[in-house]
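J.: My questions are about this predicted structure, shown below with the sequence.
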Number of protein chains: 2
Amino acid sequence: MKLVDMKVAEFVSVLASDAPAPGGGSAAALAGSIGSALTIMVMNLTIGKKKYETYDSQSKEILQEMTKLNEQLVAIIDKDTEAFDGVSAIFSMPKETDEEKEKRRMAMQAALKAATLVPFEMMELMTKAAKVTQNAVGKSNINAASDLGVAALNLNSGLKGAWLNVLINLSGVKDQEFVEHYKQEGKKVLEEGCRVTDEIYAEILKIV
Amino acid sequence: MKLVDMKVAEFVSVLASDAPAPGGGSAAALAGSIGSALTIMVMNLTIGKKKYETYDSQSKEILQEMTKLNEQLVAIIDKDTEAFDGVSAIFSMPKETDEEKEKRRMAMQAALKAATLVPFEMMELMTKAAKVTQNAVGKSNINAASDLGVAALNLNSGLKGAWLNVLINLSGVKDQEFVEHYKQEGKKVLEEGCRVTDEIYAEILKIV
């Protein structure tokens, strides 16, 4: 059963259970999904309102971009758990002969790399979503200002959470070039996204 | 239909819709639910493991306390939307006569106070959950370190999100004593919870 097809209360229970997946990776993707959904809601509460008609075409653009990002973020909730399951599956591979050991080792390296790329993709999606959200600050329904703030907070938490998942998966990767590349790129995406979400939260605190 | 009985994907869609509720308040409570669930998961992956047997009784205590907090945080997802609906309902009250106007005004003030108390309660729950989570740092399954970090990030985001909801509801409350009380108390709870969650994230970054 797909995670996104579970009831909210059921998802929380499965998360809390001793099954290692779903874990923090899917939770980070959920935070991103919630964050992008809230920005969409604020656009839906802004578009067509007389008071904000100056921003109408911009709001529609934000709505469109964010809808795409939201779809990708919802899809990645399950993608992360699938990647994690890919790593877990390798523990049951045989390791008797040298050949088996080598096959197992290579499969593990490939699976860990794949499991790194998923939260890295999340980070990129959430930093994009944060930038799009920032365009709406001060130009959207003031009654929903707190919702836009909660959008930024969820994107911030999702971004940092995805980063922790990039790091924990990289810790098992032997290919140092791969490790260095994703550490450097990840740091850049993290810093940019956190800067934007922190700015949004600070702005919203002035409005509410 | 209760929000927690919706499928995850459905909850995200309803959040994104132009219905003002559910909004940031329920999203903040969901973040707290996810955060507490992840701490429970890490305890479930720690208790009974030889490597962490020194912390077994403490881990069981954390599990027990967090299970209670998690139940309350899940329940408050719907409670926040109900309180918001309580405010919305007042807009349809008659406002022809002076008596009707006065009745409407008083009902609005009562509803706004009730809608302030719900996210304030969330803040207290999440700060408690953060403190309980901190007790597990460095004393729980190292393979799930990133999950404990994501727990803290969700509690941080939920806490700040609930604070924005306290503030936006207080902005409509006329009773200045009430406003000052909850601003002061809210700030204290916010600062304490954020300090703890920031410390956890910083510690986890050193481990992963």
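T.: Everything's here; your move. Numbering: from 1, shown residues only, chains lettered A, B, ... in the order given.

J.: the longest helix in chain A is where?
T.: The residue-count maximum for a helix in chain A (DSSP state H) belongs to helix A:98-134.

J.: List the buried residues in that one.
T.: Buried residues in helix A:98-134, counted by 16 or more other CB atoms under 10 Å in any protein chain shown: A:104, A:108-109, A:111-113, A:115-134. Backbone N, C-alpha and C define where each C-beta goes, glycine included.

J.: need the helices for chain A, in chain order.
T.: A:8-16, A:24-44, A:56-90, A:98-134, A:145-170, A:176-207.

J.: any idea of the angle the longest helix of chain A forms with helix A:145-170?
T.: Angle of helix A:98-134 versus helix A:145-170, following axes from the mean of the first three to the mean of the last three CA atoms, to 10 degrees, is 160 degrees.

J.: by contact count, what packs against helix A:98-134?
T.: helix A:24-44, helix A:56-90, helix A:145-170, helix A:176-207 (3 or more CB pairs under 8 Å, 6 or more residues apart in numbering or on different chains; DSSP states H and E).

J.: for the ones you listed, which one sits closest to B:Glu199?
T.: The closest of the helices and strands packed on helix A:98-134 to B:Glu199 is helix A:145-170. By CB to CB, the value is 14.0 Å.

J.: thinking again about what came up before, now tabulate the helices of chain A in TSV and tack on mean pLDDT.
T.: Output for the helices of chain A, formatted as TSV (pLDDT from 0 to 100):
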stretch	mean pLDDT
helix A:8-16	97
helix A:24-44	98
helix A:56-90	97
helix A:98-134	98
helix A:145-170	98
helix A:176-207	98
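
J.: between these, which one is nearest to B:Tyr201?
T.: Distance to B:Tyr201, taken as CB to CB, is lowest for helix A:145-170 among these, at 6.7 Å.

J.: Please see if that closest one touches chain B.
T.: Yes: against chain B, helix A:145-170 shows contacts by CB under 8 Å from any CB of the partner chain at A:145-147, A:149-151, A:153-154, A:156-157, A:160-161, A:164-165, A:167-168.

J.: Show me which pair in these is furthest apart.
T.: Across these, no pair lies farther apart than A:Ala145 and A:Ile168, at 35.4 Å, counting by CB to CB.

J.: A:Gln176: neighbouring residues, count only.
T.: Look at A:Gln176: counted by other CB atoms under 10 Å in any protein chain shown, it has 8 neighbours.

J.: so what's the backbone phi/psi at the residue with the largest distance to the centre of chain A?
T.: Distance from the C-alpha centroid of chain A peaks at A:Thr97, with 40.0 Å (CA atoms, centre = their mean). With angles defined as degrees, to the nearest 10, A:Thr97 sits at phi -80, psi 160.

J.: how far away is it from A:Ala107?
T.: 15 Å (CB to CB, to the nearest Å).

J.: Please apply the same query to A:Asp56.
T.: From A:Asp56 to A:Ala107 the distance is 53 Å (CB to CB).

J.: For A:Ala152, which non-adjacent residue is spatially closest?
T.: A:Ile200 (3.7 Å; CB to CB, 6 or more residues apart in numbering or on different chains).

J.: Kindly report the same for A:Lys49.
T.: Excluding the flanking residues, the one nearest A:Lys49 by CB to CB, 6+ apart is A:Asn141, at 6.5 Å.

J.: you'd agree that neighbour is up against A:Leu45?
T.: Yes: between A:Asn141 and A:Leu45 there is a contact under CB atoms under 8 Å: 4.5 Å.
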